[in-house]
Structures are given as C-alpha cells and as structure tokens.
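> take this sequence and fold it.
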Amino acid sequence: MIRERVQGLVRATMIRLAPRPWFVTFMRQVMVPVDRYLLARSKGRYSMGGTTGAGTLLLTTTGRRTGQPRTTPLFFKPHGDGVFAVVASNFGRPQPAAWAENLLAHPDAVVTFGNQVIPVRARMLKDAEHEEVWDFFVSEAPVYGNYLTNSSHSSFRTFALESSGESSGRPV
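The predicted model follows:
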C-alpha cells in the first residue's frame, strides 16, 4: 500500500518534470548512469526508474564501430512470451539512440532483467506492432509524446527483443 503510494507520487512528479529541458538533461546525464550502476550491482532489483513502477531492464549491445559491449538501462513493455519491447527515443534528441544503431548493425544482444541474463535478438517493429508499443509508452509515460513533438522525427524506432535461447558468449 505504501509502496504503491510512493510509486504513484514519484511517477506523477516524473510526468510533470519530464518535459522540461533541464530535467531531460538530468535524466540523460545523471539518472541513466545511476540506473546502469544500480541495476548491474543489485542484479536488477533496484533502479531509479523502478521507483515509478515502470519496468526497467539493462540492454547490452555490441558497439557497431568498436565491437565492444555497450550497456544502457531502458524502460520496456512486455510484448508476448519472453519478448521485451523498447522505444529508441533518445530523449527526443536529433541523433538516433546509439543502442538502436548498434542493434541495427548487430541484432544479437543481452537483456539483464531482475537476476536473469537473457540472450535476445532484436527485431524492429512496424505498422500495428509499432503503434501498439508506441501507444503503450505514451500512455504510461506521456513524455514520450513530448519527445516526438519536440524532435524532428516523424516516429521513433521500436524494437522487440526476443529471447534467442542461445548463449551470446559476450560478457554482461
């Protein structure tokens, strides 16, 4: 009961602050690194994003230029059995999210969710699947709509991260 109230309060505050440019910078420069640290150290149990009740995972991609593992925390939507859907909004910035570019170059990745490390294969969503995921994200976090409105993009890429059932052989 108390946890739900706190999550509701934090979520309402985030929704109110998220469209503000200074808060977007704060999220990008402070919250993302802190979430990356918390999620990795707590084996997925704790994250700043999790305080809002939103599902958060760690996505580890292969850098398209370096070939090195790159890890970023992302909000997600469950999208079927063993599938996570994510949106590459990059906080509404003009350049595409680096992790999305990495997935396009190397679709095999690793999701750390809770204490599970799950090899996945990324698939870009189109048409009805894209709309379903986009509508969910905008309804759960209206700032995504603000990101799109304030960007030069007509839409953001959405991806399904589907469990591949094989080991990727890459460190997480």
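> run a quick neighbour tally on residue 111.
24 (other C-beta atoms under 10 Å). All C-beta atoms are positioned from the backbone trio N, CA, C, and that covers glycine.
> parallel or antiparallel, list what pairs with the longest strand anywhere in the chain.
Longest strand in the chain by number of residues (criterion: DSSP state E): strand 116-124. Strand 116-124 sits in its sheet next to strand 108-113 (antiparallel), strand 157-163 (antiparallel), going by DSSP bridges.
> any idea how far residue 16 is from residue 138?
From residue 138 over to residue 16 the distance is 16 Å, taken as C-beta to C-beta, to the nearest Å.
> same check on residue 69?
35 Å.
> and the longest strand of the chain, what's its mean pLDDT?
On average, the pLDDT along strand 116-124 is 93.
> what do you get for stretch 161-172?
Per-residue scores along stretch 161-172 average to 60.
> now stretch 149-158
The average pLDDT for stretch 149-158 rounds to 81.
> which other residues reach it?
85-90, 92-94, 96-97, 100, 124-125, 129-130, 133-134, 144, 147-148 (C-beta atoms under 8 Å, 6 or more residues apart in numbering).
> so which of the residues you listed are in helices?
Among the contacts of stretch 149-158, the members found in helices (DSSP state H) are 100, 129, 130, 133, 134, 144, 147, 148.
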